[in-house]
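Student: Quick one, what's the 3D model for this:
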Amino acid sequence: MGETIQSILDDIKPEAVYFAAEAGMRTTIMVVDMTEASEIPAVAEPFFLAFDASIDIKPLMEPEDLTKAGPAIEVAVKKYG
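Tutor: Purely as a prediction, here's the structure:
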């Protein structure tokens, strides 16, 4: 298992990787910089194929991204808030 994980990580080149237990399951938490959603399969498929893994993807923003999103947030607040 260790060689397979290392091979996958070498291909993906995540910014950070953590291993933990979550809800009684072995868990890997990775921070991966993606610019397009089309990059998701390259990250997820190796884990699906090698480990029959379940994957949760959570988009994250840096403060600069949140600042850029400000106008869209304001529009949503005015329309739906």
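Student: Could I get the buried residue list for the helix or strand harbouring residue 41?
Tutor: Applying DSSP states H and E as the criterion places residue 41 in helix 40-51. Neighbour-count burial for helix 40-51 flags 43, 46-47 (criterion: 16 or more other Cβ atoms under 10 Å). No exception for glycine: its C-beta is placed from N, CA and C like everyone else's.
Student: and which of these is nearest to residue 24?
Tutor: Lowest distance from residue 24 to the buried residues of helix 40-51 (Cβ to Cβ) belongs to residue 47, with 18.4 Å.
Student: Tell me how far that closest one lies from residue 7.
Tutor: For residue 47, the distance to residue 7 (Cβ to Cβ, to the nearest Å) stands at 12 Å.
Student: Switch the buried residues of helix 40-51 over to JSON lines; also include pLDDT.
Tutor: JSON lines is the format used below for the buried residues of helix 40-51 (pLDDT from 0 to 100):
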{"residue": "43", "pLDDT": "96"}
{"residue": "46", "pLDDT": "97"}
{"residue": "47", "pLDDT": "96"}
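Student: can you list those residues in TSV and add distance to residue 77?
Tutor: Compiled in TSV, those are given as follows (distance: Cβ to Cβ, whole Å):
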residue	distance to residue 77
43	33
46	40
47	37
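Student: Which residue ranges of the protein form helices?
Tutor: Assigned helices in the chain, in chain order: 2-12, 40-51, 63-80 (criterion: DSSP state H).
Student: For residue 57, which of the ones you listed is the nearest?
Tutor: helix 40-51 (6.3 Å).
Student: who touches that closest one?
Tutor: 1, 4, 8, 11-12, 28, 30, 32, 34, 53, 55, 57 (Cβ atoms under 8 Å, 6 or more residues apart in numbering).
Student: quick one: it to helix 2-12, angle?
Tutor: Here helix 40-51 runs at an angle of 170 degrees relative to helix 2-12 (axes from the mean of the first three to the mean of the last three Cα atoms, to 10 degrees).
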